[in-house]
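Undergrad: please work out how this folds:
(chains A and B)
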Amino acid sequence: MATMNMLQAINNALDIAMAEDEKVICFGEDVGIFGGVFRATSHLQEKYGKARCFNTPLVEQGIIGFANGLAAQGSVPVAEIQFADYIFPAFDQIVNETAKFRYRSGDLFNVGGLTIRTPYGGGIAGGLYHSQSPEAYFTHTPGLKVVLPRNPYQAKGLLLAAIRDPDPVLFLEPKRLYRASVGEVPEEDYQLPIGEAEITKEGTDITVVGWGAQMEVIGKAVELAEEQGIACEVIDLRSLLPWDADTVAESVLKTGRLVVSHEAPLTGGFAGEIAATIQERCFLYLESPIARVTGLDTPFPLVLEKEYLPDHLKIFEAIRESVNF
Amino acid sequence: MMTQYVHQPDFMTGDEFSIPTFSLLNPEGELHSDADEPALERDHARRIYQAMLATRILDERMMAAQRQGRLSFYMQCTGEEAAVVGATAALNDADMIMAQYREQGALMYRGFSIEEFMNQLFGNELDYGKGRQMPIHYGSRKLHYMTISSPLATQIPQATGYAYGQKLAGNGHCTLTFFGEGAASEGDFHAALNMASVHQVPVIFFCRNNGYAISTPAVEQFAADGIAPRAFGYHMHVIRVDGNDVLAVYEATRQARKIAVEKNQPVLIEAMSYRLAAHSSSDDPSGYRSKDEEEVWRAKDPLLRLQKWLLKKHWWSEEEETSQQETLRREVLETMKRAEKRSSPPLESLISDVYADITPSLQRQFDQLKRHIRRYPETYPRGAQSLDLDVGTETDTQGEA
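TA: Below you'll find the predicted structure:
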């Protein structure tokens, strides 16, 4: 075990993947000698050479187009988009190409080797264009997998799994936690399952579901609730596509109550999908309406970021209201 | 790069450069007096011609079939066979081709059978694409032809990436990507050329400048002298070639391939041609161009030009021409009859290949769909037929051998 922050855990995962398989290739804007603007790819170019870790021109649609071709050829590209806010020029390549490559060719060709890494989320005074959580645009796209880690241990195990997964994975990294989240991480190679949620805390009164950076916020809210004698069951989905409805449904059958929280805006957010599925599966067991604690339906603000964000107090209030319904 | 400083403002437009058009054969099928005949063996020249002829006949027959209502949609390569087949013939057969959609000639040259074409066109149980894409979206792994995707230009940066992988693998192969002059307006085109040049990738960008993007003429697509000058902006080798002159296309692509594979440098080729047919079976060119204009280009038919050259060299004969045309027409018609009668892909192919493995959520949706189809089988005849087949016999989705 070593103590690592999330960036170090991600860097360590990339290092292991590149050492193990020479087909693994990392590239994106500034990922070469500089090691990425967040340093997630530090020292990889020194270690594995310019051919396997390099800067690209500043063109996201080109990065993902290039990555699709490289993956179709049989390489294992790990492409970085510098901020999730800048992934949209590549939207066509991801949604129309990456996601449909296997299906449209009848499995003659696929880009399963592809992993797209990108930092997402707010709380860093990043304003409209360094704060967004665009996961729901991609969870609406069959053929993609969407994975979000909550801490260094999860980041390393899930990233290694994503790189080796037979399907293309969009790996959304909570950048607020890049350095803030520190924990024990095994130095050796390990993988965590994609598509399986994790119950991070057991409880009987209410189920609280989230993913990525929001798990830390949920943790604080749950502490407040526990002080008031509310026993919360906390679930980290870890991957949104596919998502582990069974684990959530099983929990809600037990607790009868559900709060889902994400930073992205309310309307069309992934919490809506969870709420719809859980009311189908647990209709007769629900004791209160499923609550969503999310960002507002606005662009991501700057000065009023604190007001916008679904913080621990908003989640705590939702838990209280649900229990007292 | 070093720059020279000047002390008076001097704006440039690119008109300082003039890109010529490389041409070997005149419309009469004779070599220009100062042209060198490319080193093309008799059998190779015949293979090229036969692929062009087969493409022409397939296109004629299938367009007719579409008009008879037997086929939902079709797109012809007519007028551009020399550009497509000539380029393909200059490659190693194991080089990757990433085409736009109008390049069936490339597959024909590499040996895609008439039956394989038909299976895709009719989306039957033998279609490699499992009936998922509209007609003409062919693909073949064994022939190194990437499955076609409708969105324009997406294949261009993919070709750069594919070729980068070939370079790392060190297998001496390259990638050629076809696209139209319209698609070259997409951002993906510029991204692809810049990345290929920066990363020194063995890729050939082959632009079929056929004058039209559906109805939009080239003069409304770009203000510059075609697509070729864009290569300067990326510091890339470039050549413009008479796209109706198969010998010139062949020779230009052969030399481009040498640059790509031996120097790991990308090349842009702009083939000047004309889309003699409509954009697709859903298009009617009479609304945007004149018959007179079409006639000018019909007189430059690339197929006739090569045929004349072959006849002069006694590498082809009128008798062969007649019998070959007859044989091809018969084969197309007979194969079409068989292909359109074949079963549809099984219902299971609706949900396979979304992921490597079917997800539990999708499996639940599929089970629900099957229950619904059992209740209303007459509304969903293909699904119902497939479900009946499910009883007792496992229907296997057809893969490529």
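Undergrad: what mean pLDDT does stretch B:303-321 have?
TA: If you average the pLDDT over stretch B:303-321, you get 98.
Undergrad: gap between the two ends of it?
TA: 12 Å (C-alpha to C-alpha, to the nearest Å).
Undergrad: what are the contacting residues of that stretch?
TA: Identification of contacts with stretch B:303-321 by C-beta atoms under 8 Å, 6 or more residues apart in numbering or on different chains yields B:25, B:27-31, B:42, B:45-46, B:48-49, B:52-53, B:56, B:81-82, B:244-247. From N, CA and C alone the C-beta is placed, and that goes for glycine too.
Undergrad: strands - which of the residues you listed land there?
TA: Secondary structure assignment (DSSP state E) places none of these within strands.
Undergrad: can you select the buried ones from the residues you listed in PyMOL?
TA: Buried subset of those, written as a PyMOL selection, criterion 16 or more other C-beta atoms under 10 Å in any protein chain shown:
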select buried, chain B and resi 25+29+45+48+49+52+53+56+81+82+244+245+246+247
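Undergrad: among the contacts of stretch B:303-321, which ones are in helices?
TA: B:42, B:45, B:46, B:48, B:49, B:52, B:53, B:56, B:81, B:82, B:246, B:247 (DSSP state H).
Undergrad: quick one: the fourth one and residue B:250 touch, right?
TA: Pointing back at residue B:48 there. Yes - the criterion here is C-beta atoms under 8 Å, and residue B:48 meets it with residue B:250 at 7.2 Å.
Undergrad: burial of residue B:43, as a residue count?
TA: By the criterion of other C-beta atoms under 10 Å in any protein chain shown, residue B:43 has 9 neighbours.
Undergrad: meant to ask about residue B:198
TA: Residue B:198: 17 surrounding residues under other C-beta under 10 Å.
Undergrad: same question for residue A:216.
TA: Neighbour number of residue A:216 under other C-beta under 10 Å is 18.
Undergrad: alongside chain B, which residues does the stretch 151-300 of chain A contribute?
TA: By C-beta under 8 Å from any C-beta of the partner chain, the residues of the stretch 151-300 of chain A that approach chain B are A:166, A:167, A:195, A:242, A:243, A:245, A:246.
Undergrad: and the residues you listed, which are buried?
TA: Buried among these by 16+ other C-beta under 10 Å: A:167, A:195, A:242, A:243, A:245.
Undergrad: and the furthest pair within those residues?
TA: A:167 and A:245 (18.5 Å; C-beta to C-beta).
Undergrad: mind checking pLDDT for the residue of the stretch 151-300 of chain A found nearest chain B?
TA: In the stretch 151-300 of chain A, no residue comes nearer to chain B than residue A:166, which is 3.7 Å away by C-beta to the nearest C-beta. For residue A:166, the pLDDT comes out at 98.
Undergrad: pLDDT weak spots in the stretch 101-250 of chain B?
TA: Across the stretch 101-250 of chain B, nothing is flagged by pLDDT under 70.
Undergrad: in chain B, which spans are strands?
TA: Under DSSP E, chain B gives strands at B:21-22, B:96-98, B:175-180, B:203-209, B:212-213, B:216-217, B:237-242, B:267-272.
Undergrad: picking up where we left off before, the residue of the stretch 151-300 of chain A closest to chain B - nearest residue in space that isn't next to it in sequence?
TA: residue B:356 (3.7 Å; C-beta to C-beta, 6 or more residues apart in numbering or on different chains).
Undergrad: where along chain A do the strands fall?
TA: Using DSSP E, strands in chain A cover A:2-5, A:24-28, A:53-55, A:76-80, A:115-120, A:145-147, A:169-174, A:182-185, A:198-201, A:206-210, A:232-236, A:239-241, A:258-265, A:291-295.
Undergrad: for residue B:20, find the nearest of the ones you listed.
TA: strand A:53-55 (36.0 Å).
Undergrad: pull the number of nearby residues for residue A:181.
TA: 23.
Undergrad: and it, its phi and psi?
TA: Note on residue A:181: its backbone torsions stand at phi -90, psi 120 [degrees, to the nearest 10].
Undergrad: could you check the pLDDT of residue B:391?
TA: Residue B:391 carries a pLDDT score of 40 in this model.
Undergrad: please apply the same query to residue B:386.
TA: The predicted local confidence for residue B:386 is 89.
Undergrad: who touches it in this structure?
TA: Counting by C-beta under 8 Å, 6+ apart, residue B:386 has contacts B:344, B:346, B:347, B:348, B:395.
Undergrad: now swap in residue A:186 and tell me
TA: By C-beta under 8 Å, 6+ apart, the neighbours of residue A:186 are A:1, A:2, A:153, A:156.
Undergrad: these two touch, right, the second one and residue A:184?
TA: Yes - with contact defined as C-beta under 8 Å, residue A:2 reaches residue A:184; the gap is 7.3 Å.
Undergrad: domain ranges for the chain?
TA: Unless you meant another one, I'm taking chain A. A:2-185, A:198-323 (automatic domain parsing).
Undergrad: wait, chain B was what I had in mind.
TA: If you go by automatic domain parsing, chain B breaks into B:21-341, B:347-390.
Undergrad: related to what we said a few turns ago, out of the domains of chain A, flag the one nearest residue B:239.
TA: Once these are compared by C-beta to C-beta, domain A:2-185 is nearest, at 23.3 Å.
Undergrad: and the end-to-end length of that closest one?
TA: Terminal residues of domain A:2-185 are spaced 5 Å apart (C-alpha to C-alpha).
Undergrad: what do you get for stretch A:160-173?
TA: 14 Å.
Undergrad: flag every buried residue along that stretch.
TA: In stretch A:160-173, counting by 16+ other C-beta under 10 Å, buried: A:160-165, A:167-173.
Undergrad: who's in contact with residue A:217?
TA: Contacts of residue A:217 by C-beta under 8 Å, 6+ apart are A:210, A:261, A:309, A:310, A:311, A:312, A:315.
Undergrad: touching, residue A:100 and residue A:168? I think so.
TA: No - the criterion here is C-beta under 8 Å, and residue A:100 misses it with residue A:168 at 10.3 Å.
Undergrad: where do the contact lists of these two overlap?
TA: Applying C-beta under 8 Å, 6+ apart, one finds that residue A:100 and residue A:168 are jointly contacted by residue A:143.
Undergrad: run a quick neighbour tally on residue B:2.
TA: Other residues close to residue B:2 by other C-beta under 10 Å number 3.
Undergrad: contacts only, for residue B:387.
TA: Neighbouring residues of residue B:387 by C-beta under 8 Å, 6+ apart: B:347, B:370, B:373, B:374, B:377.
Undergrad: please name the nearest non-neighbouring residue to residue A:233.
TA: Counting by C-beta to C-beta, 6+ apart, the residue nearest residue A:233 is residue A:203, at 4.0 Å.
Undergrad: same question for residue A:164.
TA: Counting by C-beta to C-beta, 6+ apart, the residue nearest residue A:164 is residue A:191, at 7.0 Å.
Undergrad: so who does the residue in the stretch 201-350 of chain B that chain A sits nearest to touch?
TA: Proximity of the stretch 201-350 of chain B to chain A (C-beta to the nearest C-beta) peaks at residue B:349, 7.9 Å away. Contact analysis of residue B:349 by C-beta under 8 Å, 6+ apart lists A:106, B:130, B:131, B:132, B:397.
Undergrad: what does residue A:216 give?
TA: Each residue near residue A:216 by C-beta under 8 Å, 6+ apart is listed here: A:150, A:177, A:181.
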